[in-house]
Structure formats: C-alpha cells, structure tokens
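*Asks:* this one's structure only:
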C-alpha cells in the first residue's frame with residue numbers, strides 16, 4: 001500500500017508550513033521502509049526457518065505452518081460474514097482501490 005504510515009500527513013504539514021521541531025530535533029527515530037520490512041521477512045523465510053523463530057518467537061509457526069480456525073460459535077449463533085471467502089474479501093477490497 002503506497003502512501004501509508006505517518007509520512008503523508010507529516011509531508012503535507014511541512015509543505016503547508018505547519019511542520020514543527022520537537023525537542024532539539026536530534027533525537028533518534030527508529031524506522032524501516034515497508035519494502036525493506038517485507039524483504040527482510042522474505043530473506044528470513046528463504047534462508048532458514050530458525051531465523052523466523054528467533055525473530056518472531058512462537059508467532060513464526062503461523063508463517064511456517066499456517067493456522068486453521070473456524071468461527072463455529074458465531075456461525076451457529078446466526079452471524080453471517082459479508083465476505084465469507086478470501087476471493088470475496090479481495091473483490092471487496094479491490095473495489096475500494098479503483
């Protein structure tokens with residue numbers, strides 16, 4: 001998703017002359033570009049599953065083994081999903097980006 005995060009709002013404020021320096025302006029701010037974060041996950045997955053385990057702990061099992069869940073209780077109670085499948089959800093999301 002392009003244009004996400006805090007950058008667009010900060011950029012607009014600066015362009016309108018509303019930017020401000022907080023503190024002395026030299027404090028460190030950790031950050032990572034989205035493309036780099038995704039590349040790091042791909043790198044870890046391609047090089048060794050142990051890297052994922054070290055970085056993500058037990059959450060790495062979701063990436064390497066998946067997870068099967070079903071909303072049985074909600075369905076039995078009568079809840080109906082607007083997007084009951086991945087393809088339906090992707091179609092709905094695609095409508096919002098056109």
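*Replies:* Structure received. These figures come from a predicted structure and were not determined experimentally.
*Asks:* OK, contacts around residue 82?
*Replies:* If you count contacts by C-beta atoms under 8 Å, 6 or more residues apart in numbering, residue 82 has them with residue 92. Where you see a C-beta, it was placed from the backbone N, CA and C, and this is true even at glycine.
*Asks:* Is it part of a helix or strand, or is it coil?
*Replies:* Residue 82 carries the three-state label coil when classified by DSSP: H, G, I helix; E, B strand; the rest coil.
*Asks:* With adjacent residues omitted, what lies nearest to residue 89?
*Replies:* Nearest residue to residue 89 in three dimensions, chain neighbours excluded: residue 83, at 4.0 Å (C-beta to C-beta, 6 or more residues apart in numbering).
*Asks:* Next, that neighbour: phi, psi?
*Replies:* Comment: the main-chain dihedrals of residue 83 come out as phi -130, psi 80, following degrees, to the nearest 10.
*Asks:* neighbours of it, just the number please.
*Replies:* 12 (other C-beta atoms under 10 Å).
*Asks:* I'm done for today, thanks for sticking with me.
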